[in-house]
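*Asks:* how would this look folded up:
(chains A and B)
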Amino acid sequence: MSEKLLIAKSEPLWNTDKRIISLISGLVILLFALPHFGLNSFYLHLMIMIFMHAVMAQSWNVIAGFSGQISLGHGAFFGIGAYATSFFYVQYGISPWISIFLGMIFSGISAVLIGIPMLRLSGHYFAIATLLIGISFQIIFQRWDLVGAASGLWVPMTTGDSWLALQFHSSKMPYYYVFLIFFLVTFYLVWILSRSKLGFRLRAVRDDPQAALSLCINVSNYKIIAYVISAMIMAPMGSLFAQYILIIDPDRVFNIEISIIVLLITVLGGIGNVWGPIIGAAILIPISEYSRIYLGGTGGAVDLIIYGLILMLICVFRPDGLISFIPKNILERKKQR
Amino acid sequence: MTSEIILQAIVTGLMMGLIYALIAAGLSLIFGLMDIVNFAHGEHLMLSMFSSFWLWSLFGLDPIFSIPITILLMAFCGMLTHYFLIRYILKAKMLIQICATFGLSIFIRSIAQFLWTPDFRNIDKPLLEGRLEISGVFIGQPQLTASLVCLIAFILLYLFVTKTETGLALQATAQDRNAAEILGIPSNKMFAIGWAIGLGCVGIAGGMMANYFFIFTDVGINFALFAFVAVALGGFGSIIGCLYAGIIIGLVESLGGLLIDPSFKLLYVFAIYLLVVIYKPQGLFGRY
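*Replies:* Now for the predicted structure:
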């Protein structure tokens, strides 16, 4: 046991398999070059949605996968981010670049305020409480006149493309790069988090709170830290999404579907694993978008039927997600000893 | 604001509370038995209301008479749920159990939306109609009947669990399923019975509510949330606690709506939930 811990600690961050490193950097270069291969705007939209949902799922992964608390109302933080940018731009003309960070701060503060009472709960109690939190936020914003109540906020359109106002009307390409960069940065940070001391402590809290407590790990503090990190990852995606569609209303950005889909992507890809959300998003979002194109538009909710079915099948047959199909020794990148 | 209005709110809350109590009892029974929270409970309620609706609209059967059929259908549905889904996740991590029943809820709700569209429906001219007036307080007959039926069903459920042999076997399985198996109680069969009874309760509540409530695919969400709160309030696994908790929630909902602002009903109930689970996590009447 102690030997294992020592290895984990002494393993430097970049001590990884050369092939993996080259594979990842190759993929990153490919992602940067992708829009220049003449993708039409539908495929750009698809990629943007994949990036966005991968980050959102990663946010859920931090709280549920790393620290083991199941939040069923994570859409609340998405909505806070979306409202922060739109509200400050509409009301005071503050550039979205600044209010993305304001949104992160608001969302972090609300995570602390929600987390202090609620993270004393565990298991089912916490899951039910977060379900209620998600719906409460929707109800409050539907009736809050300052932020446009049920009709929401329209972001005033600029005449042309504007980096300052983060609005692009002629092409989706700039959005693609903005989302891509947020995606890469988030995944890099979460990857570092997962290998840091904090990451190990969070997993200790998840696997055995009693044992963690006996090792002087303040369980409820670490749960709150995980919740705040998770909320602060979620908020910028809300902000960028608001800038992407330029009209937000409570039913859209606080929709329970957001909370569902982040859960689904993570569980599908592999919960508690940094790469799980990417795999989940890359598989699920195309399914969802295509089912909407071919079967949707009738209010039939076909994509939701598929989500529910996939979620149940994964839970029954592959509780560790699709990533468990990949042999473990490739993922672990253990040095040959 | 006169005392009559407040009395009216209390009566309305009480009648709603008895229905919440029966729905929560089904949830609590399943939870106590196998430590699994059925996140699809609201969707099962929706299914039972639709079963009542279709029996009326296709066969002309009044909801009062179709109650037994609805109960049987829901009990069967409970067994199916156990057989096809819950059986496989009994030993899984809690996270997987939550995700699985949550997936079931999404699945049922969206299938219903696909088949029946999200339109609002209601049953035209049921046998139970009209209202009584007792010293200035109006009581809808369907509501009154529904709450009385729910109360009777609740008492029967309580007697069943505490007095009959099967009920005692259920309790034994809930306390220690391995010990119960040694004594010859097949836990798998008990789980199936638990699911059948739990959803049977939902069938009664849904069938009675079909008389006067709008029937649509999202109808279950609020009821399920209140049922979760009632179960936590009464203490997870305690059936009699559900009765008190259901009534408390019904009263909070109607009085809060009357005295403060009706659009925030859910938030009052939520506040109660938070207070109880933080200061008294075993619930108000919990055994554990």
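*Asks:* how about the helix or strand containing residue B:16: buried residues?
*Replies:* Per DSSP states H and E: residue B:16 is located in helix B:3-34. By 16 or more other Cβ atoms under 10 Å in any protein chain shown, the buried positions in helix B:3-34 come out as B:8-13, B:15-34. Using the backbone N, CA and C atoms, a C-beta is placed for each residue, glycine as well.
*Asks:* tell me how far it is from the chain's mean position?
*Replies:* For helix B:3-34, the separation from the chain centroid amounts to 9 Å (computed by Cα atoms, centre = their mean, to the nearest Å).
*Asks:* what's the next secondary structure element after it?
*Replies:* Sequence order places helix B:41-59 as the next helix or strand after helix B:3-34, per DSSP H and E.
*Asks:* Please enumerate the helices of the stretch 151-300 of chain A.
*Replies:* Applying DSSP state H, counting those that start in this stretch to the stretch 151-300 of chain A gives helices spanning A:173-195, A:197-207, A:209-214, A:219-245, A:250-253, A:256-269, A:276-294.
*Asks:* in the second one, what counts as buried?
*Replies:* Right, the one you point to is helix A:197-207. Buried residues in helix A:197-207, counted by 16+ other Cβ under 10 Å: A:198-206.
*Asks:* Flag every residue of the stretch 51-200 of chain A that's near chain B.
*Replies:* Applying Cβ under 8 Å from any Cβ of the partner chain, we find that the stretch 51-200 of chain A lies next to chain B at A:64, A:68, A:70, A:72, A:117-118, A:120-121, A:123-125, A:127-129, A:131-133, A:135-136, A:139-140, A:143.
*Asks:* Buried residues in stretch B:257-271, which are they?
*Replies:* B:257-258, B:264-270.
*Asks:* That one and chain A in contact?
*Replies:* Yes - Stretch B:257-271 reaches chain A (Cβ under 8 Å from any Cβ) through B:263-264, B:266-267, B:270.
*Asks:* try stretch B:235-247
*Replies:* Yes - for stretch B:235-247, a contact with chain A is found by Cβ under 8 Å from any Cβ, at residue B:236.
*Asks:* what does that stretch rub up against?
*Replies:* Here stretch B:235-247 makes contact (Cβ atoms under 8 Å, 6 or more residues apart in numbering or on different chains) with A:124, B:13-14, B:17-25, B:28-29, B:31-32, B:154, B:157-158, B:161, B:174, B:229-231, B:233-234, B:282-288.
*Asks:* Let's check: the centremost residue of the chain is which one?
*Replies:* You didn't pick a chain, so chain A it is. Central residue of chain A (Cα atoms, centre = their mean): residue A:56, 1.5 Å from the mean position.
*Asks:* any idea how far residue A:140 is from it?
*Replies:* Distance of residue A:56 to residue A:140, computed by Cβ to Cβ, to the nearest Å: 21 Å.
*Asks:* Go through the buried residues of helix A:197-207 and say which is closest to chain B.
*Replies:* Relative to chain B, the closest of those is residue A:206; by Cβ to the nearest Cβ it sits at 9.5 Å.
*Asks:* Show me the shaky parts of chain B.
*Replies:* For chain B, the stretches with pLDDT under 70 are B:1, B:286-288.
*Asks:* Spell out the residue ranges of the helices in it.
*Replies:* B:3-34, B:41-59, B:63-81, B:87-89, B:94-116, B:141-163, B:165-175, B:177-182, B:187-209, B:220-234, B:239-259, B:265-279 (DSSP state H).
*Asks:* and the fourth one, anywhere near chain A?
*Replies:* Spelled out, it's helix B:87-89. Yes - under the criterion of Cβ under 8 Å from any Cβ, chain A is reached by helix B:87-89 at B:88-89.
*Asks:* Contacts for that helix next, please.
*Replies:* Applying Cβ under 8 Å, 6+ apart, the contact partners of helix B:87-89 are A:315-316, B:36, B:96-97, B:100, B:188, B:191.
*Asks:* buried sites along it?
*Replies:* So helix B:87-89, judged by 16+ other Cβ under 10 Å, has buried residues B:88-89.
*Asks:* neighbours around the closest residue to residue A:160 other than its chain neighbours, how many?
*Replies:* Excluding its sequence neighbours, the residue lying closest to residue A:160 (Cβ to Cβ, 6 or more residues apart in numbering or on different chains) is residue A:169, at 7.1 Å. Residues near residue A:169, counting by other Cβ atoms under 10 Å in any protein chain shown, number 12.
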